[in-house]
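Engineer: just coords:
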């Protein structure tokens, strides 16, 4: 039978063993983690892929610190956002430049792409598509028209880049031009034809006599994109035109066309009385401000004034039903073409094509393409929050200290062992 | 506004009653807004571009100056229509030869217009093409009938319409005298004007 002293020594030995065991566990944890059983990974942009892989494979990783010294791909951002949602703290910092771009395509037959870039004004932004460099811009806000694009288009600022893709070109449907036999009718039709539109017209030349295309009717959105009313001579078609607009067709109403009562509910504004254009000297050339004009009045609250000067509106638009309507205050735009100098014809053609395209139905697939990365900095902030230097806290890392029970066991065992030995006179 | 071309050479004003007569015809048959009197516009003047349809005629040899040629080329490019009528009705007369040479330098080759062209059906219907004139049939007893008109198209539209039929003689009378005709011989002018305004 063991004596009390033996039992006491046994207890001291067990306490000592417990202390060593607790110290061993603490040492093991310290050697394996950053001191608390979890770890933080710091990575530069070029190492982000490896950091993401590590975070996915090691559950002890609780934080990622990304030094964003270059652009990140959208899938890298998505993976980091997913880790963040899974509880991993993801912080980033770095000088991501404010660079964004958009590629749109005119709703016109010879649909040119328009690249709009916003970037740092001091640095050169290089625009390129899959084939070659397109242009270099150095302004904070630039628009570049491009005839042909191959594949995706990139705006690169050093090692950062925004990337997007222009919508596909979609075939346009016909345009119906309605107006009296006049130079305006002739040259509007000519301008639209030259711009690639299929133009069908109905041009009254005498009572009950109209010059019109074969198969002009019916007027529906399967055959036509837009109706251009140059005056009130086709008031008999107003009901059909209103129905056409409600179903998604476009309407350009010029001058006194806005006086047709059936259409007044659709139009953004009414045309006023005609004011003569500028008196021209022999060698003068004509631009739109020189043309006779019917200032638009009674602009509806949901209409948008697009053009005008000296307080008079000459161009306004609004949505009506599923369609769009444009009111034009200019009269006799043909003078711009004939008297507009060397560029008059092209400018007149482009203006009319753009006006018709502005109200033509959108038929292109405007959905976001999977490879689009049009605004990388905005997407990064959207996915991961702001730069951590700006005070973004995100989710603080749950860095675990040495577990409290282990510490209590260690201290109590050590105190018990020392006290026991001292009370029995041992050293 | 009916405009008559004035050019440096030849006799551009050989048919002074045509403008008033055609203005009367347009007002009589159509609802087209038409100014009550015509204008005369020099071919070399920038004012040419104010009139997208210009009438040019004469008997005598035609030689354009550089400014006239340059202006006409721009006029054609911008969509203007030049109506040229040989005030003689002969074949290979001096006006015809020289005007064709000059116009070809500006417009390129001048070709016959088929008698199925919309010009002949755009208002009145002329199934046999351009109407013959009394001067062609028996005016000087030579019965030289030109079967077609000629012209040059740009972007699918006539930029030059050339006639050897002597409409300038046919239409050169006071409008009041239409009442003496069983069939108005200026009706084809309506087709030309309506075509110019609608195509």
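Structural biologist: Now that the structure is in, tell me what you want to look at. Treat the numbers as computed from the prediction; the structure is a model and nothing was measured. Numbers count the residues shown, from 1 in each chain, chains lettered A, B, ... in the order given.

Engineer: Pull the contacting residues for residue 71.
Structural biologist: Chain wasn't specified; assuming chain A. When contacts are counted by CB atoms under 8 Å, 6 or more residues apart in numbering or on different chains, residue A:71 is found next to A:45, A:96, A:159, A:160, A:161, A:376. Heads up, the C-betas are built off the backbone N, CA and C, glycines and all.

Engineer: You answered for a different chain; I wanted chain B.
Structural biologist: Applying CB under 8 Å, 6+ apart, the residues near residue B:71 are B:43, B:44, B:45, B:46, B:48.

Engineer: Go again with 7 Å.
Structural biologist: The neighbours of residue B:71, taking CB atoms under 7 Å, 6 or more residues apart in numbering or on different chains as the test, are B:43, B:44, B:48.

Engineer: Please apply the same query to residue A:277.
Structural biologist: By CB under 7 Å, 6+ apart, the contact list for residue A:277 reads A:290, A:291, A:292.

Engineer: what about stretch A:83-91, start to end distance?
Structural biologist: 11 Å (CA to CA, to the nearest Å).

Engineer: residue ranges of the helices in the chain, please?
Structural biologist: Using chain A here. With helices called from DSSP state H, chain A shows them at A:4-32, A:48-57, A:74-85, A:183-194, A:238-246, A:334-339, A:344-359, A:376-384, A:404-423.

Engineer: ah, I was thinking of chain B
Structural biologist: With helices called from DSSP H, chain B shows them at B:18-29, B:66-78, B:94-107, B:134, B:167-170, B:187-198.

Engineer: how much space between the residue nearest to residue A:110 when sequence neighbours are not counted and residue A:289?
Structural biologist: Excluding its sequence neighbours, the residue lying closest to residue A:110 (CB to CB, 6 or more residues apart in numbering or on different chains) is residue A:196, at 4.7 Å. Distance, residue A:196 to residue A:289, using CB to CB, to the nearest Å: 27 Å.

Engineer: Equivalent analysis for residue A:68, please.
Structural biologist: Per CB to CB, residue A:68 is found 49 Å from residue A:289.

Engineer: of the two, who's got more company?
Structural biologist: Neighbours were counted for residue A:68 and for residue A:289 using other CB atoms under 10 Å in any protein chain shown; residue A:68 has more, 21 against 14.

Engineer: show me what contacts the more buried one?
Structural biologist: By CB under 7 Å, 6+ apart, the contact list for residue A:68 reads A:45, A:92, A:93, A:94, A:96.

Engineer: for the chain, what are the low-confidence residue spans?
Structural biologist: The chain I'm using is chain A. Within chain A, the segments meeting pLDDT under 70 span A:1, A:29-37, A:120-121, A:364-371, A:389-403, A:427.

Engineer: look at chain B instead
Structural biologist: Along chain B, segments meeting pLDDT under 70 span B:137-143.

Engineer: which parts of it sit against chain A?
Structural biologist: With CB under 7 Å from any CB of the partner chain as the criterion, chain B comes near chain A at residues B:29-32, B:45-47, B:49-50, B:52, B:77-80, B:122-123, B:155, B:157, B:194, B:197-199.

Engineer: Highest neighbour count among the contacts of residue A:71?
Structural biologist: The most crowded member of the contacts of residue A:71, judged by other CB under 10 Å, is residue A:376 (25 neighbours).

Engineer: can I assume it is in contact with residue A:162?
Structural biologist: Yes - with contact defined as CB atoms under 7 Å, residue A:376 counts as touching residue A:162 (5.7 Å).

Engineer: who touches both of those two?
Structural biologist: Listed as contacting both residue A:376 and residue A:162 by CB under 7 Å, 6+ apart are residue A:99.
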